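1. coords please:
(one chain, ligands or ions: 2)
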Amino acid sequence: MALSGAVGVAAMMPDPVTASSSVGASAPQTVSVKLKVNGESQSVQCDARTTLLDFIRDHLRLTGTKKGCDHGQCGACTVAVNGDRINSCLSLAAMHDGDSIETIEGLAKQGKLHPMQAAFITHDGFQCGFCTSGQIMSAVALLDEHANGQPSHVTDDIADKAIELSDGEIRERMSGNICRCSAYPNIVAAIRDVAARR
Ligand code: FES
Ligand code: FES
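-> Ligands and ions are numbered 1, 2, ... in the order given. Down below sits the predicted model:
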């Protein structure tokens, strides 16, 4: 006898236990990733789905890079890849084989803080500090981008290679980094200070 209505539909649905076990039957794929982090060569086997953020924190134990939102909204996970800042939570480690990564741990040299780190302290550019490593990595990259003449969304003349680094430019260029403690005025002051001394 033919099944009808909801009973018939239910009979055609795959058994959830069977369905999930067949998905789980394929083992996670492991990949070998070789890259440089803060000047040191690293070679690590990891699950192919590992984000660069988890790779840095969990495999290399460099926990200065923070996980805030884990989906590209807050900037706490900002690192430099071959000199360009990215959200490491949005990128897979396997995509960076051969790349050179810089994290907050790599900024200070021979026990001396990077000028941007020192300026954040001088200008009180943080409260809880959770966003701070991402803010500093972004701020360092921002100054290089500006020095290279890269315009932002608020640049009036994008052909102008000598863009004035106004507070508006700094705020726009730092807009991918959220601070729940709202230390923004002091962060801008720190960046302005370092920019003026370059
Ligand atoms: Fe990556 Fe928030 S943790 S953007
Ligand atoms: Fe607390 Fe920025 S200092 S979130």
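
2. What is the longest helix along the chain packed up against?
-> Across the chain, the longest stretch assigned as helix under DSSP state H is helix 132-147. On a contact count with 3 or more Cβ pairs under 8 Å, 6 or more residues apart in numbering; DSSP states H and E, helix 132-147 meets strand 78-81, strand 84-87, helix 115-122, helix 167-173, helix 184-197. (C-beta placed from N, C-alpha, C; glycine too.)

3. change it to 7 Å
-> strand 78-81, strand 84-87, helix 115-122, helix 184-197 (3 or more Cβ pairs under 7 Å, 6 or more residues apart in numbering; DSSP states H and E).

4. Out of those, indicate the one that is most buried.
-> strand 78-81 (a mean of 24; mean count of other Cβ atoms under 10 Å).

5. In its sheet, which strands sit next to it, and in what direction?
-> Here strand 78-81 is paired, per DSSP bridges, with strand 84-87 (antiparallel), strand 100-102 (antiparallel).

6. residues in contact with stretch 126-146?
-> Contact partners of stretch 126-146, identified using Cβ atoms under 7 Å, 6 or more residues apart in numbering, comprise 64-66, 68, 75-80, 83-85, 104, 107, 114, 116-117, 120, 163, 165, 173-174, 176-179, 181, 183, 187, 191, 194-195, 198.

7. before we move on, what about stretch 167-178?
-> Identification of contacts with stretch 167-178 by Cβ under 7 Å, 6+ apart yields 74-75, 78, 131, 134-135, 138-139, 142, 152-155, 163, 187-188, 191-192.

8. Emit the PyMOL select command for whichever of the residues you listed are buried.
-> Of the contacts of stretch 167-178, the buried ones go into a single PyMOL selection, burial set by 16 or more other Cβ atoms under 10 Å:
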select buried, resi 74+75+78+131+134+135+138+139+142+152+155+163+187+188+191+192
